[in-house]
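Student: Let me see the structure of the following:
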Amino acid sequence: MDKISIVVPVYKVEKYLERCVNSILSQTYTNIEVILVDDGSPDKCPEMCEQLEQKDDRIVVVHKKNGGLSSARNVGLVKATGKYIGFVDSDDTVEPNMYEELYKKIKKYNCDFVMSDYKRVLADGSEYLKSLEITNGYYNKKSITETIYPELIMGKNLDYGPLLSVWHCMYDLEFLRKNKIMFDEEVRWSEDNIFSAIVGYYADSFYYLKGEGLYHYYQNPGTITTSYKKGAWEVYKKMNEHLKEFFQGKTGAHFDEQLQEHLVYYACVCIGQTNMLSKKQRNEELRKILNDNELQHALKHINLKKFPKKLAIQLSLMKYKSYKLMEALIIRRK
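Tutor: As a prediction, the model looks like this:
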């Protein structure tokens, strides 16, 4: 049995850490190492990590200065000794058979990575399956180029394509290291976007277990990602810039068009989050985003006719810097 390394970044998750780690240690696939990366957590998490390490020799604890999720995952990537590697967020859980099922597929098809569906668990305890809009099964390079490349960076209708989150995937560690694929530490949010796009570009094959909700993604109090984040627009622009640096000159799909839509998507995200600000702050943020030269360049070149009517209207308002109408739209959605 090959060893599987499972990296768990830890930061201010006292309430959920044991639940997460116990679900990993209960795996039916037992040859695992669990790398708990304490990302300078200011609470009891560092002590909890040490206590967990004492209970099971498959746990390895690394303490580091706070550097963010990407930094913590990268430490785990460097530390890992397994043939395969997975990433679990410390406020989530996994099904007992998750890594056994992923292992079966990656061994059978000798592919670069494998991914399953996941269950979204809401605050009230209800859950539903999140499935991707691609077919179940094995993808070789030809099918990746034809099916995945056209939505590798940004999917249709300004939404994500099939490759995004890393936590419901397992990767061949040699594949990641050979291609020098790491998490971008300059991007504090949505860092999976860059990692998964580069993985998808380099991958020669992968397997998708459609309908298998093996990962539990929790909507925990305090972890909802729809709140306003100061400086988010600058972070998302940096992500777009780094994607451009990688995909410049890459062939196989219209990556330039996807990059333009990617920037527009995150402008929409940031604009939507301004509904939580005061009128003055909202106006300042709205004008800063809409006056951005790179955004206006992207809006000028994307084809508005390809989008649904409501979305096309919103993008038109953004393109022509209709501040008052945009503000009215934001307030209406509160």
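Student: what ranges do the strands span in the stretch 1-150 of the chain?
Tutor: Along the stretch 1-150 of the chain, counting by DSSP state E, counting those that start in this stretch, strands occupy 4-10, 32-39, 59-64, 84-87, 93-94, 113-121, 127-130, 137-139.
Student: okay, those in JSON lines with mean pLDDT and mean neighbour count next?
Tutor: (Glycine included, C-beta is placed from N, CA and C.) Converted to JSON lines, the strands of the stretch 1-150 of the chain look like this (pLDDT from 0 to 100; neighbours: other C-beta atoms under 10 Å):
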{"stretch": "strand 4-10", "mean pLDDT": "98", "mean neighbour count": "26"}
{"stretch": "strand 32-39", "mean pLDDT": "98", "mean neighbour count": "24"}
{"stretch": "strand 59-64", "mean pLDDT": "98", "mean neighbour count": "17"}
{"stretch": "strand 84-87", "mean pLDDT": "98", "mean neighbour count": "26"}
{"stretch": "strand 93-94", "mean pLDDT": "98", "mean neighbour count": "22"}
{"stretch": "strand 113-121", "mean pLDDT": "97", "mean neighbour count": "22"}
{"stretch": "strand 127-130", "mean pLDDT": "94", "mean neighbour count": "13"}
{"stretch": "strand 137-139", "mean pLDDT": "98", "mean neighbour count": "16"}
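Student: Let me know which of these is the nearest to Tyr202.
Tutor: strand 113-121 (10.1 Å; C-beta to C-beta).
Student: circling back: out of the strands of the stretch 1-150 of the chain, which gets nearest to Ile313?
Tutor: From those, taking C-beta to C-beta, the stretch that ends up closest is strand 127-130, at 28.2 Å.
Student: What is that closest one packed up against?
Tutor: Helices and strands touching strand 127-130, by 3 or more C-beta pairs under 8 Å, 6 or more residues apart in numbering; DSSP states H and E, are strand 113-121, strand 206-218.
Student: That strand pairs with which strands, parallel or anti?
Tutor: Using DSSP bridges, the strands paired with strand 127-130 are strand 113-121 (antiparallel).
Student: Report the angle between the partner strand and strand 206-218.
Tutor: Here strand 113-121 runs at an angle of 30 degrees relative to strand 206-218 (axes from the mean of the first three to the mean of the last three C-alpha atoms, to 10 degrees).
Student: dump the residue contacts of Ser26.
Tutor: Pro96 (C-beta atoms under 8 Å, 6 or more residues apart in numbering).
Student: what are the phi and psi values for it?
Tutor: Backbone torsions for Ser26, taken as degrees, to the nearest 10, come to phi -90, psi 10.
Student: rewinding a little: I'd like the helices and strands packed on strand 127-130 as a markdown table, with distance to Lys44 appended.
Tutor: Shown next, in a markdown table, are the helices and strands packed on strand 127-130 (distance: least, C-beta to C-beta, whole Å):
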| stretch | distance to Lys44 |
| --- | --- |
| strand 113-121 | 24 |
| strand 206-218 | 20 |
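Student: Identify whichever of the strands of the stretch 1-150 of the chain lies nearest to Tyr217.
Tutor: strand 113-121 (5.3 Å).
Student: Compare the helices and strands packed on strand 127-130 and give me the one nearest Ala328.
Tutor: Nearest of the helices and strands packed on strand 127-130 (C-beta to C-beta): strand 113-121, 31.3 Å.
Student: pull the CA atoms of that closest one into CSV?
Tutor: Only the C-alpha atoms of strand 113-121 are listed here, as CSV (Å, rounded to 0.1, in the frame of the first residue of the first chain):
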residue,chain,number,x,y,z
PHE,A,113,-5.0,13.3,-10.0
VAL,A,114,-8.5,12.1,-9.0
MET,A,115,-11.4,14.0,-7.7
SER,A,116,-14.8,13.3,-6.2
ASP,A,117,-18.0,15.3,-5.6
TYR,A,118,-18.6,16.8,-2.2
LYS,A,119,-21.5,17.5,0.2
ARG,A,120,-22.2,21.1,1.2
VAL,A,121,-23.3,21.1,4.9
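Student: Mind listing residues that contact that strand?
Tutor: Contacts of strand 113-121 (C-beta under 8 Å, 6+ apart): 98, 101-102, 105-106, 127-132, 165, 167-172, 175, 199, 203, 206-219.
Student: switch the cut-off to 6 Å
Tutor: Applying C-beta atoms under 6 Å, 6 or more residues apart in numbering, the contact partners of strand 113-121 are 102, 105-106, 127-131, 168-171, 206-209, 212-218.
Student: Check the gap between the residue nearest to Lys141 when sequence neighbours are not counted and Lys321 for me.
Tutor: Using C-beta to C-beta, 6 or more residues apart in numbering and skipping the chain neighbours, the partner closest in space to Lys141 is Asp204 (5.0 Å). Relative to Lys321, Asp204 is positioned 45 Å away (C-beta to C-beta, to the nearest Å).
Student: How about Ile35?
Tutor: According to C-beta to C-beta, Ile35 stands 48 Å off from Lys321.
Student: where does the stretch 51-200 of the chain have low pLDDT?
Tutor: Within the stretch 51-200 of the chain, no stretch has pLDDT under 70.
Student: closest one to Tyr11 among the helices and strands packed on strand 127-130?
Tutor: Ranked by C-beta to C-beta, the member of those that lies closest to Tyr11 is strand 206-218, at 15.4 Å.
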